[in-house]
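**Q** Model the following, please.
(chains A and B)
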Amino acid sequence: MFTIMYAVAGYFFLMLMVRLLTRRPGAQMTMFEFVIVFLVGGVIILAVTGGDRSITNCGTAILTVGLLHNIVAWVKARSPRFGALVDGTPLVLLKDGAWVDEVMRGMKMAPEDIMAAARMKGINSIFDVKYAILERNGTISIIKANKEAE
Amino acid sequence: MSDVAFSKPVKDSVPKINDEVAVGEDLGFQRKWWKFETFMWWMIALVLALNFAGFLGRGPVAHATLGNNAMLVRYERVERTGTPSILEVQFQPNTLGRGQVKVHVSQSIVNELGAQRVIPSPLDTAVGRGGLNYTFSAEEGPGSVQFALQPSKPGIFHFTVEVPGSPPLSAKVIVMP
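**A** Next comes the predicted model:
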């Protein structure tokens, strides 16, 4: 019983911590952020399984987390508000050649992060970026400026 | 023709920026989230400060002492599930020196607080009066007995320690998850 309770608490605690540690997973994750994710994950495992390392106990913890994840995904798909709470909303970092300073500061982003995403799209100058959008999954979408049209 | 029914028409429901890029940004929500985030970081700092002080166990605030004319009991008023700790019964000089000393402890010391062993080993252990009665060999003071505790579940538990002929000492222990 305690394993299930600890797994539920651990899942929501980890979700909150990941959400608080800003949105830079996956492609945007630096080595520094990998350290945090692995360290926090390791500590949560210790707390959830405790001293009981049996397959029954660890399997129960995995099943609990799996079920919770499925329920959260189900609710997310039906409630955009809950989805925003869990994943955040897309945020515009650069619009029409101007930084959206409030968002850049709030999300602790640096111009170098946007340029890294721009380079992935073959853009080598910030002036060629019309929009930079921080997506819910942490990646940065770049929309090129259409110079001929301007 | 496929049998799959596409009955829900596509709607342009995602809010746009500059009326050209569908992003779905919700800056109002994000501003609220930043406020919540700031609040949570302060809460985290508070929890860490409380932890450092020992309010969550294993710190200066968690150490406690009870005493009467027969003994001093040093214990942790905040324990943690599965974490070992020591409950020490230190006898006053007038309690020792009779060759033997008897101590009665409540059953909660074994059941809820998870006594793993008693140091030194008692000469005799008897059950009764809702607990355990230990008899230790004793010479001149000072002298003490230690109970190695390891609580197995969280909760709030009471314990009692008594030397026959003196008032019992009771206290409450909070076991954190």
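**Q** hang on, residue A:139 packs against residue A:117?
**A** Yes. Proximity of residue A:139 to residue A:117 meets the contact threshold set by CB atoms under 8 Å, at 7.3 Å. Yep, even glycine has a C-beta here, placed from its N, CA and C like the rest.
**Q** And residue A:64, how close does it get to residue B:81?
**A** Separation of residue A:64 from residue B:81 (CB to CB, to the nearest Å): 18 Å.
**Q** Identify the spatial nearest neighbour of whatever residue of chain B ends up closest to chain A, chain neighbours not counted.
**A** Among the residues of chain B, residue B:26 lies closest to chain A, at 4.2 Å counting by CB to the nearest CB. Distance criterion CB to CB, 6 or more residues apart in numbering or on different chains; nearest residue to residue B:26, sequence neighbours excluded, is residue A:89 at 4.2 Å.
**Q** Let me know how buried residue B:62 is, in neighbour terms.
**A** Residue neighbour count, defined by other CB atoms under 10 Å in any protein chain shown, stands at 21 for residue B:62.
**Q** Then the one 10 residues further on?
**A** Neighbour count of residue B:72, defined by other CB under 10 Å: 15.
**Q** what residues are up against it?
**A** Residue B:72 is in contact with B:65-66, B:89-90, B:92, counting by CB atoms under 8 Å, 6 or more residues apart in numbering or on different chains.
**Q** Can you tell me the SS state at residue A:122?
**A** Residue A:122 carries the three-state label coil when classified by DSSP: H, G, I helix; E, B strand; the rest coil.
**Q** ok so, going back, columns pLDDT on top of the contacts of residue B:72, output as JSON lines?
**A** Formatted as JSON lines, the contacts of residue B:72 follow (pLDDT from 0 to 100):
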{"residue": "B:65", "pLDDT": "94"}
{"residue": "B:66", "pLDDT": "93"}
{"residue": "B:89", "pLDDT": "93"}
{"residue": "B:90", "pLDDT": "92"}
{"residue": "B:92", "pLDDT": "86"}
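**Q** for chain B, which helix is longest?
**A** helix B:27-53 (DSSP state H).
**Q** I'd like to know which elements it is packed against.
**A** If you count contacts as 3 or more CB pairs under 8 Å, 6 or more residues apart in numbering or on different chains; DSSP states H and E, helix B:27-53 packs onto helix A:2-20, helix A:101-106.
**Q** Name all residues that make contact with the nearest residue to residue A:9 once chain neighbours are set aside.
**A** Excluding the flanking residues, the one nearest residue A:9 by CB to CB, 6+ apart is residue B:177, at 7.9 Å. Residues counted as contacts of residue B:177 (CB under 8 Å, 6+ apart) are A:6, A:9, B:81, B:154.
**Q** Can you tell me how far the nearest residue to residue B:154 once chain neighbours are set aside is from residue B:159?
**A** With CB to CB, 6+ apart as the criterion, residue B:154 has its nearest non-adjacent residue at 4.3 Å, and that residue is residue B:177. Distance from residue B:177 to residue B:159, counting by CB to CB: 19 Å.
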